[in-house]
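In: I'd like to go over a predicted model; first the sequence, then the structure.
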Amino acid sequence: MTNATQPTPGDWSDLRARIAGWARELGFGGFGVTDVDLSAIEPRLRAWLEEGRHGAMDWMERHGTKRTRPAELVPGTIRVLSVSMDYWPPDSESAKGTLKDPDKAYISRYALGRDYHKLMRNRLQKLARRIEDEVGPFGYRAFVDSAPVMEKPLAQKAGLATQGKHTCAIDPERGSYFFLGELYTDLPLPVDEPAREDVCGGCRACINACPTGAITAPYQLDARLCISYQTIENPGSIPESLRPLMGNRVYGCDDCQLVCPWNRYATDAAEQDFRARNGLDSPDPVWLFSWSEEEFLRRFEGSPVRRLGHALWLRNVAVALGNAPTSERIVDALRTRQDHPDPIVREHVEWALRRHHAA
């Protein structure tokens with residue numbers, strides 16, 4: 001295309017097809033285009049926030065309507081390019097097997113390799129530069145879970161995926177083990193047909209499997225009850241009522257996805273950086289608890305877990321140790337942190353020790 005300002009409709013269709021090809025070359029498993037009308041979502045988001053189901057995630061309401069009105073976030077935006085990338089780490093230890101082993105700790109499978117935020121954002125930037133080489137300068141901005149963006153509704157409108165009863169995005173051809181990213185743009189590309197909205201039918205596997213009952217009804221999640229929220233987003237104490245239900249989960253929770261029938265079609269990540277590192281696919285919680293802050297930062301270099309910080313990491317692992325079978329080794333490990341300078345760590349260590357003393 002030589003003239004980006006006065007193209008024909010056929011030019012835009014041809015460009016959209018070529019962009020889809022470039023996206024595949026960059027490792028994106030899914031690609032779609034949508035407009036920016038999210039008016040149907042706005043009332044539901046507002047009600048969810050008013051009920052306080054977002055917990056301490058104040059950023060969910062901080063930006064007003066920018067989340068549901070893309071042109072307010074990035075002026076001039078008329079289209080969103082939605083992309084997905086598979087993340088299930090190949091050759092990793094069995095997720096279900098690790099969850100059932102009380103002597104192991106469980107880390108959500110999306111977090112076993114490198115941080116997806118930077119990797120996918122870099123790929124989106126490369127995609128934008130490839131488009132720019134073709135059409136000349138244009139308006140765009142790349143997002144990967146990093147701004148007030150309604151990723152799942154946009155993916156649904158772009159034909160990539162639809163929201164399941166667990167509120168995760170599902171593609172019936174590829175399951176739910178994938179990340180989403182977006183390129184906001186002012187290019188008037190033709191849009192794709194939306195994905196069908198109900199792919200779950202009468203299935204309730206995810207609702208029944210949730211350890212804490214966080215899926216309060218089909219398509220409704222109370223983040224305050226969710227183990228992923230408690231172990232990643234909660235900056236304070238984990239409610240005592242939830243701690244026994246967390247089991248050995250120290251970062252995130254995959255239970256609702258592990259039982260989803262659609263994930264029989266999921267494929268392993270082609271991206272090498274998403275492979276499990278440092279033996280974190282089935283680690284010993286005592287070993288994790290022994291890490292100094294320096295070792296924590298070193299082992300999680302380039303990992304999404306690093307942003308959690310050492311103190312909250314110890315908080316999470318202390319809960320897992322409190323739920324583990326009582327042994328002298330575990331009690332001794334917990335006692336090494338009884339005088340930790342952070343009161344949140346001390347509180348969770350004391351809770352774990354009380355569990356073992358009771359046993």
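Out: Happy to help now that I have it.

In: Only C-alpha atoms from now on, for both contacts and neighbour counts.
Out: Fine.

In: Count the neighbours of Ser327 for me.
Out: Neighbourhood size, Ser327 [other CA atoms under 10 Å]: 10.

In: Kindly report the same for Tyr177.
Out: Tyr177, neighbours per other CA under 10 Å, totals 26.

In: repeat for Ala223
Out: Ala223, neighbours per other CA under 10 Å, totals 20.

In: isn't it right next to Thr216, touching?
Out: No. Judged on CA atoms under 8 Å, Ala223 makes no contact with Thr216 at a distance of 10.0 Å.

In: quick one, what contacts Pro194?
Out: Counting by CA atoms under 8 Å, 6 or more residues apart in numbering, Pro194 touches Gln156, Lys157, Ala158, Gly159, Leu160.

In: Contact partners for Leu112?
Out: Listed by CA under 8 Å, 6+ apart, the contact partners of Leu112 are Pro89, Phe274, Arg275, Ala276, Arg277, Leu280, Asp281, Ser303.

In: burial of the residue nearest to Lys165 when sequence neighbours are not counted, as a residue count?
Out: Leaving aside its sequence neighbours, Lys165 sits nearest to Tyr219 (CA to CA, 6 or more residues apart in numbering; 4.1 Å). Using other CA under 10 Å, Tyr219 has 13 other residues around it.

In: pretty sure Ile107 contacts Tyr251?
Out: Yes. Counting by CA under 8 Å, Tyr251 is a contact partner of Ile107 at 4.8 Å.

In: What is the nearest of the contacts of Pro194 to Gln230?
Out: Gln156 (27.1 Å; CA to CA).

In: Per-residue pLDDT of Gly52, please?
Out: pLDDT for Gly52: 70.

In: what about it, distance to Arg44?
Out: Gly52 sits 13 Å away from Arg44, taking CA to CA, to the nearest Å as the criterion.

In: Please name the nearest non-neighbouring residue to Glu42.
Out: Thr68 (6.0 Å).

In: The stretch 101-250 of the chain: strands as residue ranges?
Out: Remark: strands assigned in the stretch 101-250 of the chain by DSSP state E, counting those that start in this stretch are 106-107, 140-143, 162-163, 169-170, 178-185, 215-217, 220-221, 249-251.

In: Select, out of those, the one closest to Pro261.
Out: Across the strands of the stretch 101-250 of the chain, Pro261 has its closest neighbour in strand 169-170 (10.5 Å, CA to CA).

In: what packs against the closest one?
Out: Using 3 or more CA pairs under 8 Å, 6 or more residues apart in numbering; DSSP states H and E as the contact test, the elements touching strand 169-170 are strand 162-163.

In: which helices and strands does the strand it packs on pack with?
Out: For strand 162-163, the packing partners by 3+ CA pairs under 8 Å, 6+ apart come out as helix 151-157, strand 169-170.

In: Quick one: mean pLDDT over the shortest one.
Out: Per-residue pLDDT over strand 169-170 has a mean of 96.

In: Pairing partners for it, with directions?
Out: Looking at strand 169-170 with DSSP bridges, its partner strands are strand 162-163 (antiparallel).

In: quick one: the partner strand to chain centroid distance?
Out: How far strand 162-163 lies from its chain's middle: 14 Å, per CA atoms, centre = their mean, to the nearest Å.

In: hmm, who's touching it?
Out: 152-153, 155-156, 169-171, 195-199, 219.

In: between those, which has the most around it?
Out: Going by other CA under 10 Å, Ala155 tops the contacts of strand 162-163 with 31 neighbours.

In: so who does that one touch?
Out: Neighbouring residues of Ala155 by CA under 8 Å, 6+ apart: Gly32, Ser82, Val83, Ala161, Thr162, Leu180.

In: Buried only: go through the residues you listed for me.
Out: Buried residues within the contacts of Ala155, defined by neighbour count using 16 or more other CA atoms under 10 Å: Gly32, Ser82, Val83, Ala161, Thr162, Leu180.

In: Point out the least confident one among the contacts of Leu112.
Out: Among the contacts of Leu112, Arg277 has the lowest pLDDT, at 91.

In: Look at it and say how many residues are nearby.
Out: So Arg277, with other CA under 10 Å, has 17 neighbours.

In: quick one: what helix or strand has it in it?
Out: Using DSSP states H and E, Arg277 sits in no helix or strand.
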